[in-house]
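Peer 1: What would the 3D arrangement of this be:
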Amino acid sequence: MKLWQLTAYDLAVRCHTSTTLDINTVKRRFENEGDSFFTITLPSFGSDFEKSLDYGYVDHDSFPGFARTKGLPRFLGGFLDLVFERGTGRLHEEPSIEAIFAIRQTRLYSKLFLMCSEERQRKAIEMYLMCEEELKRAEELWGLKEMDEKSPISSDYGLKDLAAMSNTLFRDALLRLDEAIFAGDVIPKHGPGKTADRISGNQKYKIRSWPRRLEEVFPMREHVIPNDILYSEYLDQVELLEPGAEIPSRVTLVPKTMKTARIIAIEPTSLQYMQQAVAERFAYELCEKNGKKKSLFSRFVDFRDQGPNQVLAKVGSTDQSLATLDLSEASDRVSNMLIKELFANHPQLLGALQATRSQKASIPGHGILPLTKFASMGSATCFPIETYVFLCIIFVGIQKSLNRRLTKKDILSFEGQVQVFGDDIIVPVDHVSSVISALEAYGFKVNASKSFWTGKFRESCGKEYYAGHDVSIVKVRQKFPTSRNDVTELISWVSTRNQLYEMGLWGPVKWLDEVLGKLIPLPRIEPTSSVIGRLSYLGHDVHAADPDTHGPLIKGYVIRDTPPTSPLDDHHALLKFFLKRGYEPFFDPKHLERQGRPAYVGIKMRWAQPY
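Peer 2: Numbering: from 1, shown residues only. Below you'll find the predicted structure:
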């Protein structure tokens, strides 16, 4: 409450208005509604505000639960009057950018990283199961020879059309990928996270089981041991699992917002091991550059960088030429039948995707169920494959909009207008209706509250813009620390303090310096320093000089995250060596003794550089 109050006051000063009544309203509603007012009600208020910016007026259904005067909510009225006309509700010809930022910043707690209520968790699981049922019905209809009015795919958007677009766009890259998989030119690796069979760290290299369907595509002899002549006897210790005995993926809930939980799937060790190989090779072949020339795929997708999406979101907000779209339950709505049709002409790739895919999942409260979706979030192949699917669908929609078959030259002309990063999509406004129709036709749901193309507001990959101005806000991620032992919370709140500082919100920054400074010392640092400290435009502190280099030193807390003990030796360690990428993980001389995500994060006082 204190942080929200100080933030609101600073924003009011910046916009030459008052928030006294607004603060009183927040205090009263917080007493009656509790945390949900900050974590659910205010974020909903902010979402309605963004849609009003997009529409160009305040709709009569917007801002439920807030009293109005002459068409606009009384709450935050001083800011709203600088953006909309009170009486008509219409957007000012030149609304205040500062007021737009201020109203959005009141969503300070919209992404608080805490688990939602049990009731909301149950609802999230129900939605997951409902999505599965919808995919089953869709696949049944897709399997019909004749489309009818009940089909989720109209005659304008058939599976064959999607496969044809995939072939037009990336046939050569997919053929190279087929050849690489056939030749065994893929290198598996283990991810850092948990596995369904609860194996972690270096122990993942001691593979204990291998599905038979995986063996048919990726033989153990080539991927589980470092040498099939010297170590083949180890294969006798690996259990070959028949389809009915396979370990299912483990569906679990993780914090997202207080409104809902995020559902992910924890994959079995053997499957995620080869999923990483397929995903890496998939990205390499599609994004490979021919000399200095970009590949066709990399003109529209960058798996490692959200920057291109953010740049185009700014362009769209400036000239209204580009739309930003967001999908709901995107990964859970990629049907496996869709994947089979999309890659039907590439049997090696399709076989690899099917062999590494979890066919069953253990769902809390519902037991083990077969999966209709291709992969849940948590599978290494989920993100690259869904991105590929969405890109193909986008061009099917554009092709329908133009009412003619696209050529390679046509497709190249959309560079800088189409960009995809997972379910964050940017397309030309001229074709947005057709693209949305195509996405919905293939079973996906466009999130109307987070998709924009009418006004001057755009949002993509964590950045928001209005009329070319960055109106992105600071969001609190963790509950407030109460002692030095709340390390995760402490690190998060120092980061929040520094973000508020960069936004110029001096009131909340001063208060945070006082309360956080009672827990640990916060020296002034540069952004690149390893010390937990305060950013400052006045420069960094200097507490001493390094006796060897004579460079400046400061004394402060640094993060200490020691990997758990996980010894590895014999041919398992040799296998890890052969699977290395560059110098990782060999920059750590103890990587054969400790490996995996730290069980806890600690901090330690030490001398370090301030930059």
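Peer 1: Tell me, how many residues neighbour the nearest residue to residue 302 once chain neighbours are set aside?
Peer 2: Spatial nearest neighbour of residue 302, chain neighbours left out: residue 308 (5.4 Å); criterion: C-beta to C-beta, 6 or more residues apart in numbering. Glycine gets a C-beta too; all of them are placed from N, C-alpha and C. Other residues near residue 308 number 20, with proximity taken as other C-beta atoms under 10 Å.
Peer 1: Can you classify residue 120 by secondary structure?
Peer 2: Applying DSSP: H, G, I helix; E, B strand; the rest coil to residue 120 yields a three-state assignment of helix.
Peer 1: From residue 162, how far off is it?
Peer 2: Distance, residue 120 to residue 162, by C-beta to C-beta, to the nearest Å: 35 Å.
Peer 1: ok, these two, which is more surrounded?
Peer 2: Between residue 120 and residue 162, residue 162 has the larger neighbour count (other C-beta under 10 Å), namely 22 against 16.
Peer 1: starting at the chain centroid, how far to the strand or helix carrying the more buried one?
Peer 2: Using DSSP states H and E, residue 162 sits in helix 159-182. Taking the mean of its C-alpha atoms, helix 159-182 sits 26 Å from the chain's own mean (C-alpha atoms, centre = their mean, to the nearest Å).
Peer 1: Then stretch 470-486?
Peer 2: Distance, stretch centre to chain centre, for stretch 470-486: 19 Å (C-alpha atoms, centre = their mean).
Peer 1: Am I right that residue 111 is in contact with residue 475?
Peer 2: Yes - using C-beta atoms under 8 Å, residue 111 makes contact with residue 475 at a distance of 4.4 Å.
Peer 1: how far away is the closest residue to residue 445 other than its chain neighbours from residue 127?
Peer 2: Excluding the flanking residues, the one nearest residue 445 by C-beta to C-beta, 6+ apart is residue 328, at 4.5 Å. Going from residue 328 to residue 127 by C-beta to C-beta gives 9 Å.
Peer 1: so the residue nearest to residue 302, which of the three states?
Peer 2: helix.
Peer 1: Give the burial count for residue 93, as a bare number.
Peer 2: 6.
Peer 1: Next, it: secondary structure please.
Peer 2: From three-state DSSP, the assignment for residue 93 is coil.
Peer 1: buried set for the lowest-mean-pLDDT helix or strand in the chain?
Peer 2: Ranking every helix and strand in the chain by mean pLDDT, DSSP states H and E puts helix 118-142 at the bottom, with a mean of 90. Buried residues in helix 118-142, counted by 16 or more other C-beta atoms under 10 Å: 120-121, 124-125, 128, 131-132, 134-135, 138-139, 142.
Peer 1: show me what contacts the residue nearest to residue 302?
Peer 2: Contacts for residue 308 (C-beta atoms under 8 Å, 6 or more residues apart in numbering) come out as 302, 419, 421.
Peer 1: Apply 10 Å and report the result again.
Peer 2: Residue 308 makes contact with 298-302, 416, 419-421, 426, 460-461, according to C-beta atoms under 10 Å, 6 or more residues apart in numbering.
Peer 1: Rebuild those as JSON lines, extending it with pLDDT, distance to residue 1 and secondary structure.
Peer 2: Shown next, in JSON lines, are the contacts of residue 308 (pLDDT from 0 to 100; distance: C-beta to C-beta, whole Å; DSSP: H, G, I helix; E, B strand; the rest coil):
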{"residue": "298", "pLDDT": "92", "distance to residue 1": "47", "secondary structure": "helix"}
{"residue": "299", "pLDDT": "94", "distance to residue 1": "48", "secondary structure": "helix"}
{"residue": "300", "pLDDT": "96", "distance to residue 1": "45", "secondary structure": "coil"}
{"residue": "301", "pLDDT": "95", "distance to residue 1": "43", "secondary structure": "strand"}
{"residue": "302", "pLDDT": "93", "distance to residue 1": "41", "secondary structure": "coil"}
{"residue": "416", "pLDDT": "95", "distance to residue 1": "45", "secondary structure": "coil"}
{"residue": "419", "pLDDT": "97", "distance to residue 1": "40", "secondary structure": "strand"}
{"residue": "420", "pLDDT": "97", "distance to residue 1": "40", "secondary structure": "strand"}
{"residue": "421", "pLDDT": "96", "distance to residue 1": "36", "secondary structure": "strand"}
{"residue": "426", "pLDDT": "98", "distance to residue 1": "38", "secondary structure": "strand"}
{"residue": "460", "pLDDT": "96", "distance to residue 1": "32", "secondary structure": "strand"}
{"residue": "461", "pLDDT": "94", "distance to residue 1": "31", "secondary structure": "coil"}
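Peer 1: Filter these down to the buried ones, ChimeraX style.
Peer 2: Burial among the contacts of residue 308 is assessed by 16+ other C-beta under 10 Å; the matching ChimeraX selection reads:
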select :298,299,300,301,302,419,420,421,426,460,461
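Peer 1: Name the nearest of the contacts of residue 308 relative to residue 251.
Peer 2: Residue 251 has its nearest neighbour among those in residue 421, at 24.5 Å by C-beta to C-beta.
Peer 1: buried stuff in stretch 69-85?
Peer 2: Buried, per 16+ other C-beta under 10 Å, within stretch 69-85: 72-73, 75-85.
Peer 1: Span of that stretch from start to end?
Peer 2: Start-to-end span of stretch 69-85 (C-alpha to C-alpha, to the nearest Å) is 11 Å.
Peer 1: Let me see the mean pLDDT of it.
Peer 2: Mean per-residue pLDDT for stretch 69-85: 96.
Peer 1: which residues touch residue 262?
Peer 2: The neighbourhood of residue 262, defined by C-beta under 10 Å, 6+ apart, consists of 116, 124, 252-256, 377.
Peer 1: Any figure for the gap between the nearest residue to residue 221 once chain neighbours are set aside and residue 182?
Peer 2: With C-beta to C-beta, 6+ apart as the criterion, residue 221 has its nearest non-adjacent residue at 4.6 Å, and that residue is residue 228. Distance from residue 228 to residue 182, counting by C-beta to C-beta: 19 Å.
Peer 1: What of residue 68?
Peer 2: Using C-beta to C-beta, we find residue 68 at a distance of 65 Å from residue 182.
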